[in-house]
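K.L.:
structure for this input, please:
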Amino acid sequence: QVQLVESGGGLVQAGGSLRLSCAASHRTFSSYAMGWFRQAPGKEREFVAAIRWSGGTTYYGDSVKGRFTISRDNAKNTAYLQMNSLKPEDTAVYYCAARSRDSGSYYAIGALYDAWGQGTQVTVSS
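P.N.:
You can find the predicted model right below:
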């Protein structure tokens, strides 16, 4: 089972940027699709972005399109989430997740992911 550790969260002003990293322990990381989700207090978990195993295809939630970019470096067993033009409503705990069955669809469904990180807090001040 792959283990995931997020880093890079913190406090930033509105309009600023952060880059989250997700380091994976498993040697077959390159075969996993990776996703980012977030959860704000009192709200349901929300899909943010996903990337297929090859890195050639990406998916985004509507609220982050054009501002966030997901990427991966399979040589480093790491996935990234570059977040630009941050807004106070982006404040949440951000989780990365790994999915072994990269079927090409349904990347926004958290239940289809096999492993999750512990989360990293992102706070955007107005």
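K.L.:
pairing partners for the helix or strand encompassing residue 98, with directions?
P.N.:
Assigned by DSSP states H and E, residue 98 belongs to strand 92-99. Sheet pairing of strand 92-99 (DSSP bridges) gives strand 33-39 (antiparallel), strand 115-116 (antiparallel), strand 120-125 (antiparallel).
K.L.:
for residue 109, which of the ones you listed is the nearest?
P.N.:
Smallest distance to residue 109 across the strands paired with strand 92-99 (CB to CB): 9.4 Å, for strand 33-39. To be clear about C-beta, it is placed using only N, CA and C from the backbone, and glycine gets the same treatment.
K.L.:
residue 122 touches residue 18, doesn't it?
P.N.:
Yes: look at residue 122 against residue 18 with CB atoms under 8 Å: they come within range, at 6.3 Å.
K.L.:
from the centroid of the chain, which residue is nearest?
P.N.:
residue 36 (2.2 Å; CA atoms, centre = their mean).
K.L.:
how long is stretch 78-91 end to end?
P.N.:
23 Å (CA to CA, to the nearest Å).
K.L.:
give the buried residues for that stretch.
P.N.:
Within stretch 78-91, the residues that count as buried by 16 or more other CB atoms under 10 Å are 78-81, 83, 86, 90-91.
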